[in-house]
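Student: got a predicted model here, sequence first, then my questions.
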Amino acid sequence: MARVAREMVEKAGINVDQLVELLVKNAAAELTTYYYYTILRCNLIGLEGEGIKEIAEAARIEDRNHFEAIVPRIYELGGKLPEDMKIFHDMSACPPAKLPEDPTNVKEILKVLVEAERCAVRGYTHICNMTSGKDHRTYDLALAILNEEIEHESWFSEFLGEGPSGHFMRRGETSPFVSKFLK
């Protein structure tokens with residue numbers, strides 16, 4: 001644990017135990033989303049699904065990167081991950097992004113994907129609001145993840161016909177905002 005880091009966050013007026021709990025729940029959401037997106041991606045087949053598969057894969061890999069980036073901050077603040085994966089899964093900040101009842105319905109898969117991203121956007125916005133001006137490291141990390149989650153939401157919402165977002169699929173680059181935390 002980075003004792004002074006925790007001390008400074010506490011002195012800034014943040015309930016560190018509450019923050020760590022949020023970080024652990026969001027880490028659980030990232031890892032479970034990575035798992036469920038693997039299943040969703042595998043079911044994006046046919047003419048309609050193949051066009052979305054690459055975007056789902058980019059979001060899947062970036063969610064894994066988000067998990068990898070959050071874990072060190074949890075431990076720096078004196079927290080830890082649960083030792084039982086089932087407990088970790090069930091404490092996720094977001095509901096499971098499970099395959100819809102009809103796994104051939106690409107539109108329903110897109111709805112699952114966009115709702116998972118919207119949950120993540122809400123969660124990281126909350127962490128940013130909680131840490132802004134008080135815990136610079138956690139804020140920077142949450143903001144970087146938030147930027148990527150907003151892009152993911154935009155990609156999927158456009159496929160649902162919800163309007164243009166102005167975002168483009170990144171080619172050959174994953175986690176442009178979070179990559180600095182993975183080094």
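Tutor: Structure received.

Student: neighbours around I150, how many?
Tutor: I150 is flanked by 19 other residues according to other CB atoms under 10 Å. For every residue, glycine as well, the C-beta is placed using N, CA and C.

Student: pull out the buried positions in the longest helix along the chain.
Tutor: Ordering each helix of the chain by length in residues (DSSP state H) puts helix 46-76 first. Buried residues in helix 46-76, counted by 16 or more other CB atoms under 10 Å: 49, 52-53, 55-56, 58-60, 62-71, 73-74, 76.

Student: that one - contacts with which helices or strands?
Tutor: Contacts defined by 3 or more CB pairs under 8 Å, 6 or more residues apart in numbering; DSSP states H and E place helix 46-76 against helix 16-42, helix 106-131, helix 136-159.

Student: try 6 Å
Tutor: Other elements packing on helix 46-76 under the criterion 3 or more CB pairs under 6 Å, 6 or more residues apart in numbering; DSSP states H and E are helix 16-42, helix 136-159.

Student: who touches the next helix or strand after that helix?
Tutor: The element immediately downstream of helix 46-76 (helix or strand, assigned by DSSP states H and E) is helix 85-90. Contact partners of helix 85-90, identified using CB atoms under 6 Å, 6 or more residues apart in numbering, comprise 28, 32, 82.
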